[in-house]
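# quick check, what structure comes out for this input:
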Amino acid sequence: MNLIQKVKDFFNRGRYNMETSNLNSILEHPKVAVTQSEFNRIQLNLAYYQSKFDDVEYINTDGDRKRRKMQHLPIARTAAKKIASLVYNEQAEITAEDETLNNFLNNMLGNDRFNKNFERYLESCLALGGLAMRPYIDGDKVRVAFIQAPVFLPLQSNTQDVSSAAILTKTIKSESKKNVYYTLVEFHEWVTQDGQEVGGPKARSSYDDVVAAFGQPMDSTDSANPGNGVNVWVTDNGDIMAFFRNNVLTDITFRLRGGDANHQSTGSISKSDTPKTALERLGKPYAIMRSENGTSYVYKDSNGDESSFSTQGNKIFNVTSTAETKQLKKITGLDKNQ
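Numbering: from 1, shown residues only. Modelled structure (predicted):
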């Protein structure tokens with residue numbers, strides 16, 4: 001991903017519009033709570049399950065370098081298939097105490113060949129580590145779609161369950177004699193009765209809320225109407241610069257005391273890390289910037305050059321190196337104002 005695209009993505013992360021923004025990988029979406037290492041684990045398990053191994057390279061008796069298919073035993077597929085048939089098979093029955101509901105279930109599951117399909121998909125569930133089922137309407141019938149691990153991405157989860165998730169569906173269409181590939185991303189999230197996301201964006205702080213927390217600002221770009229400008233506070237822990245529009249806090253920056261003496265850069269972390277591990281590794285940042293798009297942690301190295309990483313929830317969605325920060329400042333002209 002080039003720097004210009006990183007800048008565009010940085011300002012669009014908070015409320016991603018899938019029609020106007022580009023993702024190199026669905027894992028870059030800030031709502032998706034799947035790390036690159038977990039995604040790689042699923043792909044590795046899939047390779048074992050499908051017996052897809054690299055060719056073996058060898059040198060024959062004439063000294064020629066040759067390649068051949070790897071000879072292997074499909075242990076992963078065989079074990080998963082055997083266990084799946086023991087756990088669930090076509091002889092299984094799903095019943096309900098209510099007679100009307102029981103008849104509905106029998107008709108629905110029978111018409112959809114649920115038992116046969118579930119046994120087949122349970123095999124991949126055991127191999128890859130998970131499986132989801134999504135009911136959908138097909139004409140006047142209710143059917144069940146099986147969602148396998150590579151295309152099921154949790155948004156919120158804990159050790160017990162997954163409370164919300166994204167599901168990927170890939171399709172191919174022929175347009176102007178060319179195959180065009182589309183990926184439909186379905187976000188399945190809990191909402192309140194008025195349509196608001198559960199755990200979604202919270203009400204923003206007002207100017208009065210911030211004054212109640214930090215007192216009157218030391219300086220303001222508009223002393224007559226400080227709730228519609230930039231305000232500065234000086235505290236024992238550092239300086240605070242807050243941006244307000246119509247008395248609503250939009251952005252706030254904390255410049256921490258002693259953070260500029262930490263002399264760290266973000267070169268040792270990546271998007272596969274969690275914010276907690278990144279902060280434990282890097283220590284106290286030089287500045288923390290918060291907005292509706294997320295939180296950014298800024299560090300200065302021994303040369304005074306800045307680098308940063310940005311988070312949303314429990315996920316790092318962007319890491320900007322010192323070189324990229326220099327280039328960004330050059331593009332925006334910020335390097336001339338420091």
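# now the residue sitting furthest away from the middle of the chain. Its backbone dihedrals?
Most distant residue from the mean C-alpha position of the chain: D62, 52.1 Å away (C-alpha atoms, centre = their mean). Per-residue torsions, D62: phi -90, psi 0 (degrees, to the nearest 10).
# how is this protein carved up into domains?
Per the record, the chain has its domains at 18-188, 207-330, by automatic domain parsing.
# mean neighbour count, the ones you listed: which tops it?
domain 207-330 (a mean of 16; mean count of other C-beta atoms under 10 Å). (C-beta placed from N, C-alpha, C; glycine too.)
# using JSON lines, please lay out the domains of the chain together with mean pLDDT.
Formatted as JSON lines, those follow (pLDDT from 0 to 100):
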{"stretch": "domain 18-188", "mean pLDDT": "85"}
{"stretch": "domain 207-330", "mean pLDDT": "88"}
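# can you give me the strands in the stretch 151-300 of the chain?
Per DSSP state E, counting those that start in this stretch, the stretch 151-300 of the chain carries strands over the ranges 152-157, 162-175, 178-188, 219-220, 230-234, 238-245, 248-256, 287-291, 294-300.
# out of those, nearest to M70?
With C-beta to C-beta as the measure, strand 162-175 is the member of those nearest M70 (28.2 Å).
# tell me the strands beside that closest one, with direction?
strand 152-157 (antiparallel), strand 178-188 (antiparallel) (DSSP bridges).
# ok, which of the ones you listed comes nearest T274?
strand 152-157 (13.6 Å).
# how about the helices in the stretch 201-338 of the chain?
Per DSSP state H, counting those that start in this stretch, the stretch 201-338 of the chain carries helices over the ranges 207-214, 275-282, 322-332.
# for the last one, the distance to its chain's centre please.
Read it as helix 322-332. Going by C-alpha atoms, centre = their mean, to the nearest Å, the spacing between the C-alpha centre of helix 322-332 and its chain's C-alpha centre is 26 Å.
# let me know the angle separating that helix from strand 294-300.
Angle, helix 322-332 to strand 294-300, by axes from the mean of the first three to the mean of the last three C-alpha atoms, to 10 degrees: 110 degrees.
# just the C-alphas of helix 322-332, formatted as PDB.
The C-alpha coordinates for helix 322-332 follow below in PDB (Å, rounded to 0.1, in the frame of the first residue of the first chain):
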ATOM      1  CA  THR A 322       9.600   7.500  10.400                       C
ATOM      2  CA  ALA A 323      10.300   7.600   6.600                       C
ATOM      3  CA  GLU A 324       6.600   7.600   5.800                       C
ATOM      4  CA  THR A 325       6.000  10.400   8.400                       C
ATOM      5  CA  LYS A 326       8.700  12.500   6.800                       C
ATOM      6  CA  GLN A 327       7.200  12.000   3.400                       C
ATOM      7  CA  LEU A 328       3.700  12.800   4.700                       C
ATOM      8  CA  LYS A 329       5.000  16.000   6.300                       C
ATOM      9  CA  LYS A 330       6.700  17.000   3.100                       C
ATOM     10  CA  ILE A 331       3.500  16.400   1.100                       C
ATOM     11  CA  THR A 332       1.300  18.400   3.500                       C
END
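# for it, packing partners?
helix 3-12, strand 306-312 (3 or more C-beta pairs under 8 Å, 6 or more residues apart in numbering; DSSP states H and E).
# one step back: of all the strands paired with strand 162-175, which one is nearest E119?
strand 152-157 (19.0 Å).
# centre of the chain to that closest one, how far?
Relative to its chain's centre, strand 152-157 lies at 8 Å (C-alpha atoms, centre = their mean).
# restrict that strand to CA atoms and write it as PDB.
Presented in PDB, the C-alpha positions along strand 152-157 are these (Å, rounded to 0.1, in the frame of the first residue of the first chain):
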ATOM      1  CA  PHE A 152     -16.100 -16.000   8.700                       C
ATOM      2  CA  LEU A 153     -14.500 -13.100  10.500                       C
ATOM      3  CA  PRO A 154     -15.400 -12.200  14.100                       C
ATOM      4  CA  LEU A 155     -16.000  -8.600  14.900                       C
ATOM      5  CA  GLN A 156     -16.400  -9.100  18.700                       C
ATOM      6  CA  SER A 157     -15.600 -12.300  20.500                       C
END
